[in-house]
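Chemist: got a predicted structure plus its sequence, pasted below:
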Amino acid sequence: MRVRDAMTHGIIGVRETATLAEAVETMLRAGISALCIFDERKALVGILSEGDLMRRGELGTERRRPRWLESLLSGGRLAHAYAHEHGRTVAEVMTRDVVTIDEDAPLAEAVDAMIRRRVKRLPVVRGGSVIGVVSRSDLLKRLYVELKRTAKPHSDAEICASVQAEIESRGWAPRASVRVTSKDGEVTLDGAIADERLREGLRVIAENISGVKSVRDKLAWVEPNSGMLLSAEDDPPK
C-alpha cells in the first residue's frame, strides 16, 4: 500500500507571518490539530501543531525549571524556549524541522518516519509541492476499511493451501509439527508447539486468510522440562 492510498488530499495552512491567534482560529474552525506553514514563496517551512501550543505563558503551562538548573543551561537555549512559549507569531512557535513523504512512497515508510520522529502526521509531496497530509487518524481510517473488507468465498482446499503457505513463509512458525485442515471455512490447527506464544501467532495467521470463518485450536504444547504433551485450553483432556 502506498501513501496516496491513505492520505488526506488537500491542505490547510497559513503564512509564517500570521499571528498565533489567527492560526489557532484557523485550526479551531477547520477542526484540525495542525497547520502547514508557508513562506511568501509558498514553500513549506514548518508545521504548527497542538503539541507546539501546550506550553504557553497565557495558560500558565510554560516549563518551569529550578534556578540551579537554569544556571547550567545556555542563555541561547533558555531564550529559544521563552520565545516558543511566549511568541505571538506563527514563525516564533512553529516546528521548523519538517519531515515530508512522497505520495508514491510505501505506507510503511511513512509509519517508520512517524514513529522514529515521534510525530503524528507528515506532509505529503508530489514533485516538491505539498498536496496533502498523512496522519495517524488517516491510518486508522484505512485500517478500518481493510478490516471491514468482505472476504471472497474460497474452497477448503484453497484455504488450507493459503494457511500452510503463510505458515511456511514465517521463520518463527513451526512448519513440520502443525497440520491444517478446513471444513466449510472453519480451520483447525492440529499438532504440537514448543512455545505457548506460537499459539496466538498461528491463530492470527489463519484468521487473516481470506475465506476463513473461524479457527479451532487443537494444538498441544510440549512441556519443555518433562516433554509431556498438554492439550489446548479449548480442548481439555477428558
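Modeler: Everything's here; your move.

Chemist: from here on, just use CA atoms for contacts and neighbour counts.
Modeler: Noted.

Chemist: domain ranges for the chain?
Modeler: 3-146, 156-230 (automatic domain parsing).

Chemist: could you dump those domains to TSV with mean pLDDT?
Modeler: What follows is the domains of the chain, written out as TSV (pLDDT from 0 to 100):
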stretch	mean pLDDT
domain 3-146	92
domain 156-230	90
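
Chemist: could you dump those to CSV with mean neighbour count?
Modeler: What follows is the domains of the chain, written out as CSV (neighbours: other CA atoms under 10 Å):
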stretch, mean neighbour count
domain 3-146, 16
domain 156-230, 17
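
Chemist: please, which helix or strand holds Ala79?
Modeler: Applying DSSP states H and E as the criterion places Ala79 in helix 75-86.

Chemist: I meant to write Asp97 there.
Modeler: Here Asp97 is assigned to no helix or strand, by DSSP H and E.

Chemist: ditto for Tyr144
Modeler: Assessed by DSSP H and E, Tyr144 sits inside helix 136-148.

Chemist: which is the next helix or strand following that helix?
Modeler: Following helix 136-148 in sequence, per DSSP H and E, is helix 156-169.

Chemist: any idea which helix or strand comes after that following helix?
Modeler: The helix or strand immediately downstream of helix 156-169 is strand 178-183, counting by DSSP H and E.

Chemist: mind listing what that following strand pairs with, with the direction of each?
Modeler: strand 186-193 (antiparallel) (DSSP bridges).

Chemist: so how far is Leu198 from Ser155?
Modeler: 26 Å (CA to CA, to the nearest Å).

Chemist: whoops, I mixed them up, Gly75
Modeler: Noted for Gly75: a distance of 55 Å to Leu198, by CA to CA.

Chemist: got it, and Ala43?
Modeler: Taking CA to CA, one finds Ala43 at 50 Å from Leu198.

Chemist: for Pro153, same thing?
Modeler: 27 Å.

Chemist: between the two ends of stretch 172-188, how far is it?
Modeler: 19 Å.

Chemist: which residues are in contact with that stretch?
Modeler: 154-157, 159-160, 163-164, 167-168, 189-193, 198, 202, 206, 211-219 (CA atoms under 8 Å, 6 or more residues apart in numbering).

Chemist: also stretch 85-101?
Modeler: With contact meaning CA under 8 Å, 6+ apart, stretch 85-101 is reached by 15-21, 23, 37, 45-49, 52-53, 55-58, 62, 83-84, 110, 122-125.

Chemist: just those: which are in strands?
Modeler: Among the contacts of stretch 85-101, the members found in strands (DSSP state E) are 15, 37, 45-49, 122-125.

Chemist: ok, of these, which one's closest to Asp138?
Modeler: Nearest to Asp138 among those, counting by CA to CA, is Leu122 at 10.8 Å.

Chemist: in this structure that closest one contacts Ala110, no?
Modeler: Yes - using CA atoms under 8 Å, Leu122 is in contact with Ala110, at 7.5 Å.

Chemist: who touches both of these two?
Modeler: Counting by CA under 8 Å, 6+ apart, the residues touching both Leu122 and Ala110 are 101, 134.

Chemist: what's the spacing between Glu196 and Leu35?
Modeler: 47 Å.

Chemist: please disregard the earlier target; I meant Ile167.
Modeler: 44 Å.

Chemist: also Glu158?
Modeler: 48 Å.

Chemist: likewise for His154?
Modeler: Distance, His154 to Leu35, by CA to CA: 46 Å.
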